[in-house]
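Asks: I'd like to go over a predicted model; first the sequence, then the structure.
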Number of protein chains: 2
Amino acid sequence: MKIRKNISTVSFIGSGNVATALALALYGCGVKVVEVFSPNVTNSKQLATKVGANYVADVKELNTVSDIYIIAIPDKYISDVVGKLRRVQSIIVHTSGSVPLSIFSKNTGNYGVFYPLQTFTKNKITDITNVPVCIEGSDKQTTDALVQLANRISNKVVLLSSEQRQYLHLAAVTVNNFTNFMYIIANELLSDKDIDFALLYPLIIETATKINNVDPEDAQTGPARRHDMLTINNHIEMLSKQPGLKKIYGLLSNQIIKKFHD
Amino acid sequence: MKIRKNISTVSFIGSGNVATALALALYGCGVKVVEVFSPNVTNSKQLATKVGANYVADVKELNTVSDIYIIAIPDKYISDVVGKLRRVQSIIVHTSGSVPLSIFSKNTGNYGVFYPLQTFTKNKITDITNVPVCIEGSDKQTTDALVQLANRISNKVVLLSSEQRQYLHLAAVTVNNFTNFMYIIANELLSDKDIDFALLYPLIIETATKINNVDPEDAQTGPARRHDMLTINNHIEMLSKQPGLKKIYGLLSNQIIKKFHD
């Protein structure tokens, strides 16, 4: 076992939004980012510069002495990189919500998952302090080391199984991706009628902050919650020229009615 | 015309969330709330007490000398109350997003719409200062008086036609009601797997605040945005026992793919 409980050096595979957020956070609390590899040369050179790391042009050139190797790349490439990093004997982790721990099962070393639950945007620094970091390790020693590392950058560290993490990721898609799509729909509706989308900001913020104190079921309001078919039919009529939106409006309204009135 | 540009007395019809929020805000900036009528005796007595108003047991008992009559009741009852308040010659308004101005067309006095764009929750005081108030008046003098009144409680007062207001309301349903339903779905998914819903708070807040600076289209991320069918199919598989959620996931993912990849 080559685990150092106090992880002090890290190699990054990836240079996108998640890699950048994690590398900056770790760098900021004194962990040495030794090197960055990613096929995107521009991004990885940029990230390497930001955190005083070496830029590595090939995954095979990564050193073998870092305390941890963090893979933060699109899901479909993880398996390939894991295959190329079998020689790592310290700890290797990925940062994906949906890829199970078993992707490392052919590894002889220590491995785990280090999943920060947040949406990271290019060119927008995200404070990671309040971001939940979900940990899973190949064994207790690895898990402990990962928890300790996560505790340095976040005050919300949790242990989750692969299955739990997959459901958390699905829930995250629901509250982030689908919600953001609602913003896109609203933006389209309003710009068609020359109305400033910014009028919705206070409502959007209130909708999000409310559920810190109120159970989502108690926070539900609106025509479908009231089973107000007059308003619902009027809205569906207003969407008659936008079949996609009409379908979404109809399905979501029906499901809300079903939940609260069946 | 019996319009006072500086409205100083108000009668309320309604004692629910919107009536309460508006009455408290107006009372707080020195407008005298003369009386409150609503069929819900408990609520209206409570509200009347809070703002030092009289409680009125019948709509016919409302005085005729207030500067404005604010109807804040469910849409389907508005028409009836408007019919009973034909004698009002000062200003009568409703507060609904979806009811057109023409509901007052048989009135001989002055009338308008005073629509605060926010979700108001029982027992949660909403600061109305940043809430957009959408105004429409039967004539310029009425509109001016309503704008001036709205400016006292909100720093975001806008003039909107009935059609614009209806689309704004539809957009509000989309970003509030449907988004909140996403929270309900996520809550169900997580509680099934013993995962704390609170883990999603930072993501939910970030999703909402991000679009203050980023166009919703640029903020879109996730499997559907990336056209990542592996993850999408995996999620659909995870929802195989929840046909309603599966349908929602499928439709929204398809629409996102259509928007970004067709």
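Replies: Yep, that arrived.
Asks: all helices for the stretch 151-262 of chain A, in order.
Replies: Ranges of helices within the stretch 151-262 of chain A are A:162-172, A:179-192, A:201-210, A:216-219, A:223-226, A:229-238, A:243-261, based on DSSP state H, counting those that start in this stretch.
Asks: ah, wrong one, I meant the stretch 1-150 of chain A
Replies: A:17-28, A:41-50, A:75-84, A:140-153.
Asks: dump the helices of the stretch 151-262 of chain A to a markdown table, plus mean pLDDT, mean neighbour count and distance to A:S11.
Replies: From N, CA and C alone the C-beta is placed, and that goes for glycine too. Shown next, in a markdown table, are those (pLDDT from 0 to 100; neighbours: other C-beta atoms under 10 Å in any protein chain shown; distance: least, C-beta to C-beta, whole Å):
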| stretch | mean pLDDT | mean neighbour count | distance to A:S11 |
| --- | --- | --- | --- |
| helix A:162-172 | 98 | 22 | 23 |
| helix A:179-192 | 97 | 22 | 32 |
| helix A:201-210 | 96 | 21 | 36 |
| helix A:216-219 | 94 | 18 | 41 |
| helix A:223-226 | 94 | 22 | 50 |
| helix A:229-238 | 95 | 17 | 53 |
| helix A:243-261 | 97 | 17 | 44 |
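Asks: Serialize these to a markdown table and add fields for distance to B:N212.
Replies: Output for these, formatted as a markdown table (distance: least, C-beta to C-beta, whole Å):
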| stretch | distance to B:N212 |
| --- | --- |
| helix A:162-172 | 20 |
| helix A:179-192 | 11 |
| helix A:201-210 | 6 |
| helix A:216-219 | 21 |
| helix A:223-226 | 27 |
| helix A:229-238 | 26 |
| helix A:243-261 | 24 |
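Asks: of the ones you listed, which approaches A:E136 most closely?
Replies: A:E136 lies closest, by C-beta to C-beta, to one member of the helices of the stretch 151-262 of chain A: helix A:162-172, at 6.3 Å.
Asks: tell me which other helices or strands that closest one touches.
Replies: strand A:110-116, strand A:133-137, helix B:179-192, helix B:229-238 (3 or more C-beta pairs under 8 Å, 6 or more residues apart in numbering or on different chains; DSSP states H and E).
Asks: tell me the most buried of the helices of the stretch 1-150 of chain A?
Replies: helix A:17-28 (a mean of 21; mean count of other C-beta atoms under 10 Å in any protein chain shown).
Asks: what's the angle from that helix to helix A:140-153?
Replies: Helix A:17-28 runs at 80 degrees relative to helix A:140-153, counting by axes from the mean of the first three to the mean of the last three C-alpha atoms, to 10 degrees.
Asks: what residues does helix A:17-28 touch?
Replies: The contact list for helix A:17-28 (C-beta atoms under 8 Å, 6 or more residues apart in numbering or on different chains) reads A:10, A:12-13, A:33, A:36, A:38, A:47, A:50-53, A:70, A:72-73, A:95, A:114, A:116, A:118, A:120-122, A:125-126, A:128, A:149, A:152-154.
Asks: and these near chain B, which?
Replies: A:Q118, A:T121, A:T126 (C-beta under 8 Å from any C-beta of the partner chain).
Asks: most neighbours among those residues, which one?
Replies: A:Q118 (23 neighbours; other C-beta atoms under 10 Å in any protein chain shown).
Asks: quick check: phi and psi at that one.
Replies: phi -160, psi 160 (degrees, to the nearest 10).
Asks: show the pLDDT at it.
Replies: In this model, A:Q118 is scored at 92, pLDDT.
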